[in-house]
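In: quick one: sequence plus predicted model below, questions after.
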Amino acid sequence: MNREERGSVIATVVVVLIGAGLAFAGSQGGHRIAGIPVYALCIAVAFLIQWIAFIAAWRNRTEKFYDLTGGITYSTVTLLAVLLTPNVDARSLLLALLVILWAVRLTSFLFLRIRAAGEDRRFREIKHSFGRFLLAWTLQGLWVAFSLAAALAAVTSTLRLDLDLFAVVGLLVWLAGFATEVIADRQKSAFNARPENKGRFISTGLWSWSRHPNYFGEIVLWIGVAVIALPVLRGWQHATLISPVFIILLLTRISGIPLLERRADQKWGGEAEYESYKARTSVLIPLPPKKRGSPGHCERSDDTVRERK
C-alpha cells in the first residue's frame with residue numbers, strides 16, 4: 001500500500017468518526033428502538049448503503065450509479081426514520097416529503113446527465129485507486145448524514161409540536177430554493193441541448209443573474225428544511241443545524257463552485273465575452289447584472305485577450 005492509499009484509508013476512518021459524532025449529537029432527545037437510537041441507526045444505514053454500492057462499483061470500475069446511490073440513500077434513510085419513529089406528526093411527514101421530492105428530482109437529473117455524458121469526470125482517475133474510490137463513496141455517506149442532520153433529528157425527536165410559523169416560513173423558503181434549482185437546471189439543459197451552443201457557456205435566464213443559480217437554490221432549500229426542524233430540536237440536537245452550513249461550505253469552498261470556476265477559466269478564460277460575463281455576473285446570489293462602468297465591472301481589452309491566448 002503506497003502513501004496515497006494509506007492517506008485515503010486514514011481519511012476514510014476520520015470521515016466515519018465524524019459521522020459517529022454527528023450520530024451521537026443527533027440522537028440526544030430522540031426515539032430508540034431496542035435501545036438503539038433511531039437517528040444513529042439511520043446514519044449507520046447511510047454509510048452502509050455506500051459501502052455495499054462501492055463493492056459493485058469497484059469490481060466494475062464504474063462511477064455511473066454514484067449519484068443514483070446517493071439519491072436512493074436520501075429517500076431510504078428518510079423513510080426508515082419515519083417508519084421506525086412512533087407517533088410521527090405533520091412536521092415529520094412534511095420534512096420527509098420535502099427531502100424525498102428533492103432527492104428524486106435531483107438524482108434522476110444527475111443520473112440521466114451522467115448517462116448521456118458517458119462518464120463522470122470527477123472519477124476519471126480515482127476509480128482506479130481502491131483507497132481514493134472508497135473514500136469518495138464514504139464521503140457521500142457523510143454528505144447524506146450532514147445534509148439530512150436537522151431533518152432526521154426533527155423526525156426522530158420525542159418532542160412533538162403542531163405546525164407553526166417556523167413550518168410555514170421554512171416551507172416557503174424551501175419552495176423558493178427548489179424552484180430556483182429546478183428552473184436553473186432546466187435552462188442549462190435546454191441550452192446545452194442545442195447544437196449551436198456546443199462548447200459555449202450559458203449566460204441567459206437565471207444564469208444572467210448568477211453564475212451558479214442552481215447551487216444558490218440548493219443552499220436555500222436546505223435552509224428551509226432547517227427552519228422547519230428548529231422548534232423540536234433540544235440540547236445536542238441543535239448541532240444538527242450544521243446541515244445548511246455544511247451545504248454552503250461544500251458548494252462554495254470545496255467541490256461545487258471552486259471546481260466549476262476552475263474548469264470554466266481553463267476553457268474560456270481570456271475570451272472577451274466570458275471575461276465580461278464574469279465581471280458583470282454574481283458568483284452565487286442572483287443579482288441584477290452590473291452595468292458597464294459600475295464599480296467592480298471591468299472588461300479586458302482585445303490586446304489583453306490576445307496576449308492570454
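Out: Great, that's in hand. Everything numeric here is computed off the predicted structure, so don't read it as measured data. Numbers count the residues shown, from 1 in each chain.
In: residue contacts, the residue nearest to the spatial centre of the chain?
Out: The centroid of the chain falls nearest to Ile247 when counting by C-alpha atoms, centre = their mean (6.1 Å). When contacts are counted by C-beta atoms under 8 Å, 6 or more residues apart in numbering, Ile247 is found next to Phe146, Ser147, Glu218, Ile219, Trp222. For the C-beta atoms, the positions are set from N, CA and C on the backbone; glycine is no exception.
In: quick check: it vs Trp143, distance?
Out: Separation of Ile247 from Trp143 (C-beta to C-beta, to the nearest Å) stands at 9 Å.
In: all strands of this protein, in order?
Out: Taking DSSP state E as the test, the strands found in the chain are 32-33, 36-37.
In: and those strands: which comes nearest Thr252?
Out: Between Thr252 and those, the shortest gap by C-beta to C-beta is with strand 36-37, which sits at 31.7 Å.
In: report the mean per-residue pLDDT for that closest one.
Out: Rounded to a whole number, the mean pLDDT of strand 36-37 is 96.
In: you'd agree Arg160 is up against Val232?
Out: Yes. Counting by C-beta atoms under 8 Å, Arg160 sits close enough to Val232 to count as a contact (7.0 Å).
In: mind listing the shared neighbours of the two?
Out: Residues touching both Arg160 and Val232 (C-beta under 8 Å, 6+ apart): Arg91.
In: so which of these two has more stuff around it?
Out: A side-by-side neighbour count of Arg160 and Val232, using other C-beta atoms under 10 Å, places Val232 first with 23 against 13.
In: wait, the more buried one sits on Leu163?
Out: No. Contact between Val232 and Leu163 fails when scored by C-beta under 8 Å: they sit 11.0 Å apart.
In: need the overlap of contacts for these two.
Out: Arg91.
In: wait, what's in contact with Val144?
Out: Contacts of Val144 by C-beta under 8 Å, 6+ apart are Ala46, Gly70, Thr73, Tyr74, Val77.
In: how deep is the fourth one tucked in, by neighbour count?
Out: Okay, so that is Tyr74. Burial measure for Tyr74: 23 neighbouring residues, criterion other C-beta under 10 Å.
In: same deal with the last one?
Out: The local packing of Val77 (other C-beta under 10 Å) involves 25 other residues.
In: wait, doesn't it sit right on Ala149?
Out: No. Here Val77 lies out of contact with Ala149, judged by C-beta under 8 Å, at a distance of 11.1 Å.
In: thinking again about what came up before, which pLDDT value goes with the residue nearest to the centre of the chain?
Out: 94.
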